[in-house]
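Asks: here are the coordinates; sequence isn't available:
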């Protein structure tokens with residue numbers, strides 16, 4: 001079997017083109033991830049310098065999540081979630097809530113069941129008279 005230069009050249013050109021395309025794709029992914037890392041740093045700086053937190057617990061929780069996400073390699077996700085769940089609502093003046101509890105909501109009152117019993121007992125006593 002005789003291999004000539006003409007038969008090898010198209011394959012080499014195809015490999016070179018594929019390598020260039022793969023290199024361009026890799027470069028685009030790296031630039032995108034670098035941009036997300038810069039975005040995460042901006043969100044961390046925002047969390048550290050923000051003054052209008054609803055409570056200190058919310059601030060501490062957000063900062064811990066952002067810092068620990070770097071160790072867990074999900075900093076890109078934490079940065080995006082911080083932006084949409086915390087930063088945008090606080091910038092627009094809305095309250096935020098973690099786990100269904102908002103610091104601006106009144107805390108559940110432990111005396112409510114007693115008050116409802118008192119109301120029902122008054123109704124019962126009126127019916128008896």
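Replies: Cool, the structure landed. All values derive from a computational prediction rather than experimental measurement.

Asks: doesn't residue 20 fall inside a helix?
Replies: Yes - the assignment for residue 20 is a helix, going by DSSP: H, G, I helix; E, B strand; the rest coil.

Asks: how deep is it tucked in, by neighbour count?
Replies: Neighbouring residues of residue 20 were enumerated by other CB atoms under 10 Å; the total is 10. Backbone N, C-alpha and C define where each C-beta goes, glycine included.

Asks: also residue 32?
Replies: 11.

Asks: and residue 64, by the same measure?
Replies: Other residues close to residue 64 by other CB under 10 Å number 11.

Asks: now it: how far from residue 91?
Replies: Note on residue 64: its distance to residue 91, by CB to CB, to the nearest Å, is 21 Å.

Asks: ok, now residue 65?
Replies: Distance of residue 65 to residue 91, given as CB to CB: 18 Å.

Asks: neighbour count winner among the two?
Replies: Neighbours were counted for residue 65 and for residue 91 using other CB under 10 Å; residue 65 has more, 17 against 12.

Asks: buried residues in the helix or strand containing the more buried one, which are they?
Replies: Assigned by DSSP states H and E, residue 65 falls within helix 56-71. For helix 56-71, burial by neighbour count (16 or more other CB atoms under 10 Å) applies to 58-59, 62, 65-66, 69.

Asks: got those as JSON lines, with pLDDT and distance to residue 36 columns?
Replies: Compiled in JSON lines, the buried residues of helix 56-71 are given as follows (pLDDT from 0 to 100; distance: CB to CB, whole Å):
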{"residue": "58", "pLDDT": "87", "distance to residue 36": "24"}
{"residue": "59", "pLDDT": "89", "distance to residue 36": "23"}
{"residue": "62", "pLDDT": "91", "distance to residue 36": "18"}
{"residue": "65", "pLDDT": "93", "distance to residue 36": "16"}
{"residue": "66", "pLDDT": "94", "distance to residue 36": "13"}
{"residue": "69", "pLDDT": "93", "distance to residue 36": "12"}
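
Asks: ok, of these, which one's closest to residue 30?
Replies: In terms of CB to CB, no member of the buried residues of helix 56-71 lies closer to residue 30 than residue 69, at 19.7 Å.

Asks: name the nearest residue to that closest one, ignoring sequence neighbours.
Replies: Taking CB to CB, 6 or more residues apart in numbering, and ignoring the residues beside it in sequence, residue 69 has residue 78 as its nearest neighbour in space, at 3.4 Å.
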